[in-house]
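Asks: Give me a model of this one.
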Amino acid sequence: MRRRRFHWEGAEETASAIRSWTAASAPNVDVSAIEREVREGGDGAVLCMTARFDATEKATTTLRVDAGAGAEALAALDPGLRESLELAAANVRTVAEVQIAGEAKAIELPQGQTVTLREVPLSAAGLYAPGGRAAYPSSVLMCAIPAKVAGVERIALASPPSPDGKVNPLVLAAAELCGVEEIYAMGGAQAIFALAHGTETIAAVDVIAGPGNAWVREAKRAVSGTVGIDSLAGPSELMLVAGDGTDPEWAALDLCAQAEHGAEGPLVAVAVEEAVLEGVAAATERAAAEHEGIGEAPLALVQVPDLSDAIDLANAFAPEHLALFEEDAAQLADGVRTAGCVFVGRYGATAFGDYVAGSNHVLPTGGAGRFSGPLGPGVFRRRIAAVQVPSEAAAKLAPHVDRIARAEGFPVHGESAMIRSES
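Replies: The predicted structure follows:
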């Protein structure tokens, strides 16, 4: 584990220094050539790149997973694991349903016109679930359930195949739990471009959501504007604020749990007391040495003058996950404005949010919490405004339209309004 101590230079300066340190080892990714190949080559290009990049050992001639594969995978699932996935799905669905807006809102304005705002689901959503050597059924739940709750009619799921050329049964089982039937064995940037632009087999979607590696992230950036995207989620991150009563072993496991996602994501331990900070650091290094898969994750250590400074640092850093291991954690949480998800109190391990708490684990990273939040049904819906202007309202509003339109150099706008005031 790479460990570095950062001296307190103020919230903004310290947050910037940590970001610069962790970003220095990030890969330089260019996906433009992959996009060009997918747009020009369609299915053939995606199949070729799937075999090359996903290291499949068994060649396949089709991207679409056979109908019924999900039901078969779900039926074969270990009963205990199925129970846990169903619990996670129920909790995620409950939280998602709360977020859906109610009836259309009609606002009648003083001049007599009415503006009605309503939400409608997007027609088609493309979801990405990481896979290949590992499987992430939890990401299927986190993406598919909000899309279903939002009312999306068509959901297309892409996930990299295993070496045998098939999508992992855990991913298929999770898709079956969520009612997703359109599944494609493809991953990486090529999967994102196939969903965005379409191929002979795959119809283009309206929005793409889901976590992925740097290639997936950059592909989503490239198609943003062609389709909607949820966010540019990157390597997983955790900032942990440790208080006097923090159990360093608990804190260490939380930090190392995030490091399991990869060595690129920043881990940040913050404390007021020097002894607390050093205790967490030492325990984290021990835990990293005892567990495989932690790698060279970067651990930043920051001693702050006061707890209020710790919250200022969190707001400046905008971590994906923020854990508050302080006695007055609930009160501190009220001051947090930018974190993707806040875990309040010593029992709030981030692992609960990753799987079963009901919150969504697709969260903004890289400081994107300053302007975005967790994945939810809103990503899969859009607003429509309907305007009704009775004749009386037209007569009152038309002169104002005419004045503004002519001032902007659009006289025909004014005429189209004024003619309605003369009838």
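Asks: How far does the lowest-mean-pLDDT helix or strand in the chain sit from its chain's centre?
Replies: Ranking every helix and strand in the chain by mean pLDDT, DSSP states H and E puts strand 105-108 at the bottom, with a mean of 88. Remark: strand 105-108 is offset 32 Å from the chain centroid, using Cα atoms, centre = their mean, to the nearest Å.
Asks: ok, now stretch 18-30?
Replies: With Cα atoms, centre = their mean, you get 20 Å for stretch 18-30.
Asks: what's the first-to-last distance across it?
Replies: The first and final residues of stretch 18-30 sit 25 Å from each other (Cα to Cα, to the nearest Å).
Asks: Show me this protein divided up by domain.
Replies: 2-26+235-357, 32-101+121-231, 389-421 (automatic domain parsing).
Asks: Nearest to E108, out of these?
Replies: domain 389-421 (9.7 Å; Cβ to Cβ). Glycine gets a C-beta too; all of them are placed from N, C-alpha and C.
Asks: tell me the average confidence for the closest one?
Replies: On average, the pLDDT along domain 389-421 is 95.
Asks: Please apply the same query to stretch 30-49.
Replies: Mean predicted confidence for stretch 30-49 is 94.
Asks: In that stretch, which residues are buried?
Replies: 31, 34-35, 37-38, 42-43, 45-47, 49 (16 or more other Cβ atoms under 10 Å).
Asks: Kindly report the same for stretch 56-74.
Replies: 56, 63, 65, 69-70, 73-74.
Asks: do the same with stretch 18-31
Replies: Buried, per 16+ other Cβ under 10 Å, within stretch 18-31: 18-19, 22, 31.
Asks: ok, residues contacting that stretch?
Replies: 4, 6, 189, 193, 214-215, 217-219, 222, 235, 263-266, 268, 298, 300, 302, 317, 366-367 (Cβ atoms under 8 Å, 6 or more residues apart in numbering).
Asks: re the thing from before, of all the domains of the chain, which lies closest to Q111?
Replies: Comparing the domains of the chain by Cβ to Cβ, domain 389-421 comes nearest, at 4.4 Å.
Asks: which one among the buried residues of stretch 18-31 gets closest to H197?
Replies: V31 (12.9 Å).
Asks: Any figure for the gap between the closest one and T56?
Replies: V31 sits 20 Å away from T56, going by Cβ to Cβ, to the nearest Å.
Asks: what's the answer for P248, then?
Replies: 43 Å.
Asks: List the backbone torsions phi and psi for V241.
Replies: Main-chain dihedrals, V241, degrees, to the nearest 10: phi -100, psi 110.
Asks: Just say helix, strand or coil for A386.
Replies: strand (DSSP: H, G, I helix; E, B strand; the rest coil).
Asks: ranges for the strands of the stretch 1-150 of the chain?
Replies: 2-6, 105-108, 114-121, 124-128 (DSSP state E, counting those that start in this stretch).
Asks: Now do the second one: which elements does it pack against?
Replies: In this case it means strand 105-108. Packing partners of strand 105-108 (3 or more Cβ pairs under 8 Å, 6 or more residues apart in numbering; DSSP states H and E): strand 114-121.
Asks: just for the stretch 51-200 of the chain, where's the confidence low?
Replies: 55, 57, 59, 101-103, 132-133 (pLDDT under 70).
Asks: can I get the domains of the chain in JSON lines with distance to P377?
Replies: What follows is these, written out as JSON lines (distance: least, Cβ to Cβ, whole Å):
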{"stretch": "domain 2-26+235-357", "distance to P377": "17"}
{"stretch": "domain 32-101+121-231", "distance to P377": "4"}
{"stretch": "domain 389-421", "distance to P377": "31"}
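Asks: Out of these, which gets nearest to G378?
Replies: Nearest of the domains of the chain (Cβ to Cβ): domain 32-101+121-231, 6.7 Å.
Asks: roughly how far is that closest one from the heart of the chain?
Replies: The answer for domain 32-101+121-231 is 14 Å, by Cα atoms, centre = their mean.
Asks: what's the closest non-adjacent residue to R5?
Replies: L301 (4.9 Å; Cβ to Cβ, 6 or more residues apart in numbering).
Asks: how about the helices of the stretch 201-350 of the chain, start to end?
Replies: Using DSSP state H, counting those that start in this stretch, the helices of the stretch 201-350 of the chain run over 214-223, 248-259, 274-290, 307-317, 329-333, 350-355.
Asks: The third one to strand 2-6, inter-axis angle?
Replies: Here helix 274-290 runs at 170 degrees with respect to strand 2-6, directions being taken by axes from the mean of the first three to the mean of the last three Cα atoms, to 10 degrees.
Asks: for the first one, same thing?
Replies: Angle between the axes of helix 214-223 and strand 2-6 is 60 degrees (criterion: the same axes, to 10 degrees).
Asks: For helix 214-223, enumerate the helices and strands it packs against.
Replies: Using 3+ Cβ pairs under 8 Å, 6+ apart as the contact test, the elements touching helix 214-223 are helix 32-53, helix 188-197, strand 228-229.
Asks: got the CA positions of the longest one in CSV?
Replies: Coordinates of each C-alpha in helix 32-53 appear next as CSV, following Å, rounded to 0.1, in the frame of the first residue of the first chain:
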residue,chain,number,x,y,z
SER,A,32,-11.6,7.2,-30.4
ALA,A,33,-10.2,4.3,-32.5
ILE,A,34,-12.6,1.8,-30.8
GLU,A,35,-15.6,4.0,-31.5
ARG,A,36,-14.6,4.3,-35.1
GLU,A,37,-14.3,0.5,-35.4
VAL,A,38,-17.7,-0.1,-33.8
ARG,A,39,-19.5,2.4,-35.9
GLU,A,40,-18.0,1.1,-39.1
GLY,A,41,-17.9,-2.6,-38.3
GLY,A,42,-20.9,-3.2,-36.2
ASP,A,43,-21.4,-6.7,-34.7
GLY,A,44,-18.2,-8.0,-36.3
ALA,A,45,-16.1,-5.4,-34.8
VAL,A,46,-17.6,-5.8,-31.3
LEU,A,47,-17.2,-9.6,-31.5
CYS,A,48,-13.6,-9.3,-32.6
MET,A,49,-12.8,-6.8,-29.8
THR,A,50,-14.7,-8.9,-27.2
ALA,A,51,-12.5,-11.9,-28.1
ARG,A,52,-9.3,-9.8,-27.9
PHE,A,53,-9.9,-7.6,-24.9
